[in-house]
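*Asks:* with the sequence up front, the predicted model follows.
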Amino acid sequence: HRKEVLDYQMNDCNFIKMICMTKFLCRKFKEAARGAAESKISFQNLNETAHPDMVILWEAEEALAHANQLEDPTAMDIYE
C-alpha cells in the first residue's frame, strides 16, 4: 500500500508540474522577448557611439573567435 500511495503522490506532483509548465514557459518567453528588445536597443546605442574602426576590430575578433572555437575553446574568452 505504501508504494501505491507514493506512486500516486509522485504522479500527481508530476501532473501538476506539467499543467503549470505552460504558464511558466509563457511568462519566461515574455521576459526573454522584453530582454531581447532591450538588448537590441542597447546594442544600437553602443554601435552608434563607438568609433567605426573599433567596430571593424570587434567584428574581426568575433569572426576569428568563432572560426577557432572548435580547436581552441579559449578563443571565446573575448566575450568575458
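*Replies:* In hand now; what should we look at?

*Asks:* centroid residue for this structure?
*Replies:* To find the centre residue of the chain, average its C-alpha atoms and take the closest one (Cα atoms, centre = their mean): that gives Ala32, at 8.2 Å.

*Asks:* next secondary structure after the lowest-mean-pLDDT helix or strand in the chain?
*Replies:* The helix or strand with the lowest mean pLDDT-type score in the chain, counting by mean pLDDT, DSSP states H and E, is helix 2-49 (a mean of 91). Next helix or strand after helix 2-49 toward the C-terminus (DSSP states H and E): helix 52-68.

*Asks:* which parts of that next one are buried?
*Replies:* Within helix 52-68, the residues that qualify as buried by neighbour count (16 or more other Cβ atoms under 10 Å) are Ala65. For glycine as for every other residue, the C-beta is placed from the backbone atoms N, C-alpha and C.

*Asks:* quick revisit: next one: the residue nearest to the centre of the chain from His1, what distance?
*Replies:* Taking Cβ to Cβ, to the nearest Å as the measure, Ala32 falls 45 Å from His1.

*Asks:* hmm, back to that, okay, the angle between the least confident helix or strand of the chain and helix 52-68?
*Replies:* Put simply, helix 2-49 runs at 140 degrees to helix 52-68, going by axes from the mean of the first three to the mean of the last three Cα atoms, to 10 degrees.

*Asks:* tell me what helix 2-49 is packed against?
*Replies:* If you count contacts as 3 or more Cβ pairs under 8 Å, 6 or more residues apart in numbering; DSSP states H and E, helix 2-49 packs onto no helix or strand.

*Asks:* run the chain-centre distance for that helix.
*Replies:* In terms of Cα atoms, centre = their mean, to the nearest Å, the centre of helix 2-49 is found 12 Å from the chain centre.

*Asks:* stretch 42-51 now?
*Replies:* 22 Å.

*Asks:* do the same with stretch 72-80
*Replies:* Taking Cα atoms, centre = their mean, the mean C-alpha location of stretch 72-80 is offset from the chain mean by 17 Å.

*Asks:* end to end, how far does that stretch reach?
*Replies:* 15 Å (Cα to Cα, to the nearest Å).
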